[in-house]
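Peer 1: fold the following and give me the result.
(one chain, ligands or ions: 3)
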Amino acid sequence: MWRVTRSAAANLRRTRRFSVAATIPGPCMVHKRGADILHDPWFNKDTAFPLTERDRLGLRGLLPPRIISFEQQYARFMDSYRSLEKNTQGQPEASVSLAKWRILNRLHDRNETLYYRVLIDNIKDFAPIIYTPTVGLVCQNYSGLFRRPRGMYFSAKDKGEMMSMIYNWPAQHVDMIVVTDGSRILGLGDLGVQGIGIPIGKLDVYVAAAGMNPQRVLPVMHDVGTNNQKLLEDPLYLGLRQPRLEGEEYLSIVDEFVEAVHTRWPKAVVQFEDFQMKWAFETLQRYRKRLCMFNDDIQGTAGVALAGLLGAVRAQGRPLTDFIKQKIVVVGAGSAGIGVLNMAVQAVSRMAGANGLPSDHQFYLIDKDGLVTKERKNLDPSAAPFAKYPEETKGLMEGANLAEVVRKVKPDVLLGLSGVGGIFNEEVLKAMRESDCPRPAIFAMSNPTMNAECTPADAFKYAGEHIVFAGGSPFQNVDLGNGKVGHVNQANNMYLFPGIGLGALLSGARLITDNMLQAAAECLAIYMSDEEISKGVLYPSIGSIREITAEVGTAVLRAAIAEDLAEGHGEVGRKELR
Ligand SMILES: NC(=O)C1=CN([C@@H]2O[C@H](COP(=O)(O)OP(=O)(O)OC[C@H]3O[C@@H](n4cnc5c(N)ncnc54)[C@H](O)[C@@H]3O)[C@@H](O)[C@H]2O)C=CC1
Ligand SMILES: CC(=O)C(=O)O
Ligand SMILES: [Mg+2]
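Peer 2: Residues are numbered from 1 along each chain as shown. Ligands and ions are numbered 1, 2, ... in the order given. You can find the predicted model right below:
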């Protein structure tokens, strides 16, 4: 469909030459020399190059003479990080977090081997810096923070050029791509081109959690303009200074990108991230049968939430099949909230042996206009299956407000994916005290921290110490006094997306099916022991993200094999996989 232009062909030849020399995974031949190596974060070892390599690679004289081992470099970096922590005590949290991000980012830009080692070993400490919440702050300030490019940018001005541009990426192989258009970055809205921080952060998690080869990951930004007036007026803004493309014009950009990626790396897994709702659903429908892709906000989040919801049922001491009877109020009818409900419906249907949503389901959906009912004017088709008929609303009217809904419904679970910080206020949380449930669950899943629907401290204070709590960003456990601790879970799609991507990649499947996603969610749901669950611990520690990712990846791979979709990866073919 797309013309391979002359420059594309030339790029292809160049890339092939380059790739043979420089991007073979594993123990690799580096045909770069001298300063080019020191300036390439993929290969640079700084002062750790031994004398033999300094001679062979033309580095003699370009480095101070003393060889500092990798372990010494590691210790030196961690020392400077810990000193930064000590020296910034008492300073505003945002500036401390940004300072931490800066020193990690400088290392990322200089020496990826050391960067990923410190990241893997300290993932629990560093995840809040390279991922939510700090990544949100980084995106908000990206144009000012920008020093070196990372990833690829496909803008509205590149129409007709993408098949050629894709060959500008220096690596021959790409396994994993995370792409955004910056239109809904966490709960921070349209951040235009500055949203590139999200694909970068997500791919860092892929490397740390799934062991992806850092030379085979690609963060991508589709810059189709921004409707953020502040950014449009910012003289330093790095993106296109035009309103967002809409309709067919928008889709033609994404189509062209997908075609280019699929041509160059047909086996790469593509994760769509932080697209505004209409494009999140549209692109998922459009591409999910055409390439190995998923939408993390719709599908990854749904799996993590479902695992948490099933954990909440276990925490109540009830059998999993009681999930069907749970009264669940979902606040936020966007890509994440609707994604969660769709997956919950699949789970309920499986348990009930039914097809679709049983008529007596107890799911309630609230958006910015209140309770969603069949009387809603211009009811969004994706919300329609969850809109209540008047006789099902316990007397609540269309648009009833959140506190009213909680008072009347007395839910087992209150789950927020609204992006609105503090919306679970004192009144709402106190209403949760009247819940019929022996152990109600409150999930305040919106990111970053300031957009969480409530803090855990408020949740335990107003809704009661017996609740189970999960946030989307990390929070400290809550001291309830008398030696009691309110456990705080982090219900974040980071528990699943690395395993979904890894399993899909290793399977070599050409698409990601509902069964593969369901396998991922089920794997997470059964990961915790009954003892942990009874203490309100629904998810593993982020410190064990590699173990959980390996399990999830295996579950996804098995599901792909069971569906006869697995074609194999690298030297492991279809037969060996079986
Ligand atoms: N913890 C996690 O793993 C994840 C968290 N999220 C978070 O969820 C939030 C929403 O994401 P999306 O669904 O993609 O956004 P979206 O923009 O598609 O949807 C937001 C929804 O919230 C509703 N809303 C807005 N104001 C409201 C109010 N005052 N009361 C009730 N509802 C209100 C809107 O009507 C809309 O339905 C974001 O903050 C995002 O960071 C998203 C994905 C994963
Ligand atoms: C975690 C995530 O994907 C989000 O907040 O959008
Ligand atoms: Mg997201």
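Peer 1: quick one: neighbours of Leu429, just the number.
Peer 2: 23 (other CB atoms under 10 Å). Every C-beta, even on glycine, is put in place using the N, C-alpha and C of the backbone.
Peer 1: quick one, what contacts it?
Peer 2: Residues in contact with Leu429 (CB atoms under 8 Å, 6 or more residues apart in numbering) are 442, 454, 458-459, 461-463.
Peer 1: which of the residues you listed ranks first by neighbour count?
Peer 2: Neighbour counts for the contacts of Leu429 peak at Ala459, which has 31 neighbours (criterion: other CB under 10 Å).
Peer 1: which residue does this protein bring closest to ligand 2?
Peer 2: Closest residue of the chain to ligand 2, CB to the nearest ligand atom: Asn447 (3.7 Å).
Peer 1: what sits against that residue?
Peer 2: Residues near Asn447 by CB under 8 Å, 6+ apart: 132-133, 136, 186-187, 472-473, 492.
Peer 1: apply 7 Å and report the result again.
Peer 2: Counting by CB atoms under 7 Å, 6 or more residues apart in numbering, Asn447 makes contact with 132-133, 136, 186-187, 472-473.
Peer 1: confirm that Lys84 sits in a helix.
Peer 2: Wrong residue type there; residue 84 is Leu, not Lys. Yes: counting by DSSP: H, G, I helix; E, B strand; the rest coil, Leu84 falls inside a helix.
Peer 1: by proximity to ligand 3, which residue of the stretch 1-150 of the chain wins?
Peer 2: With CB to the ion as the measure, Thr132 is the residue of the stretch 1-150 of the chain nearest to ligand 3, at 8.7 Å.
Peer 1: quick one: that residue and Pro448 touch, right?
Peer 2: Yes: with contact taken as CB atoms under 7 Å, Thr132 and Pro448 are classed as touching, separated by 5.1 Å.
Peer 1: quickly list what's touching both of these two.
Peer 2: Residues touching both Thr132 and Pro448 by CB under 7 Å, 6+ apart: 186, 473.
Peer 1: helix, strand, or coil at the residue of the stretch 1-150 of the chain closest to ligand 3?
Peer 2: Relying on three-state DSSP, one would call Thr132 coil.
Peer 1: residues near it, how many?
Peer 2: For Thr132, using other CB under 10 Å, the count is 25.
Peer 1: please name the residues that touch it.
Peer 2: Applying CB under 7 Å, 6+ apart, we find Thr132 in contact with 186, 447-448, 472-473, 492.
Peer 1: I'd like the distance between it and Leu218.
Peer 2: To Leu218, Thr132 is 21 Å away according to CB to CB, to the nearest Å.
Peer 1: which pair in the contacts of Leu429 spans the largest distance?
Peer 2: The distance between the two most remote of those (CB to CB) is 11.8 Å, for Ile442 and Lys461.
Peer 1: does Lys388 really touch Arg376, like I thought?
Peer 2: No: with contacts counted by CB under 7 Å, Lys388 stays clear of Arg376, the gap being 9.8 Å.
Peer 1: check what pLDDT Thr5 gets.
Peer 2: We have a pLDDT of 37 for Thr5.
Peer 1: also near ligand 2: which of the contacts of Asn447, exactly?
Peer 2: Contacts with ligand 2 within those, as defined by CB under 6 Å from any ligand atom: 132, 186, 472.
Peer 1: so Val345 sits right up against Leu357, yeah?
Peer 2: Yes: with contacts counted by CB under 7 Å, Val345 reaches Leu357, the gap being 4.8 Å.
Peer 1: where along the stretch 151-300 of the chain do the strands fall?
Peer 2: Along the stretch 151-300 of the chain, counting by DSSP state E, counting those that start in this stretch, strands occupy 152-155, 176-180, 217-223, 269-272, 293-295.
Peer 1: in JSON lines: these, plus mean pLDDT.
Peer 2: Below are those laid out as JSON lines (pLDDT from 0 to 100):
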{"stretch": "strand 152-155", "mean pLDDT": "98"}
{"stretch": "strand 176-180", "mean pLDDT": "98"}
{"stretch": "strand 217-223", "mean pLDDT": "98"}
{"stretch": "strand 269-272", "mean pLDDT": "98"}
{"stretch": "strand 293-295", "mean pLDDT": "98"}
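Peer 1: nearest to ligand 1 among those would be which one?
Peer 2: With CB to the nearest ligand atom, the closest approach to ligand 1 among the strands of the stretch 151-300 of the chain belongs to strand 293-295: 9.6 Å.
Peer 1: just the residues contacting the closest one, thanks.
Peer 2: 270-272, 280, 284, 287, 500, 512.
Peer 1: and it, which strands flank it?
Peer 2: With DSSP bridges as the test, strand 293-295 is paired with strand 269-272 (parallel).
Peer 1: what parts of the stretch 301-450 of the chain come near ligand 2?
Peer 2: Going by CB under 6 Å from any ligand atom, the residues of the stretch 301-450 of the chain near ligand 2 are Asn447.
Peer 1: how about the helices in the stretch 301-450 of the chain?
Peer 2: 301-315, 335-352, 402-409, 426-432 (DSSP state H, counting those that start in this stretch).
Peer 1: what sits against the residue in the stretch 101-250 of the chain positioned nearest to ligand 1?
Peer 2: Taking CB to the nearest ligand atom, ligand 1 has its nearest neighbour within the stretch 101-250 of the chain at Gly187, 2.7 Å off. Gly187 sits next to 419, 446-448, 451 when contact means CB under 7 Å, 6+ apart.
Peer 1: give me the pLDDT for it.
Peer 2: Predicted confidence (pLDDT) at Gly187: the value is 98.
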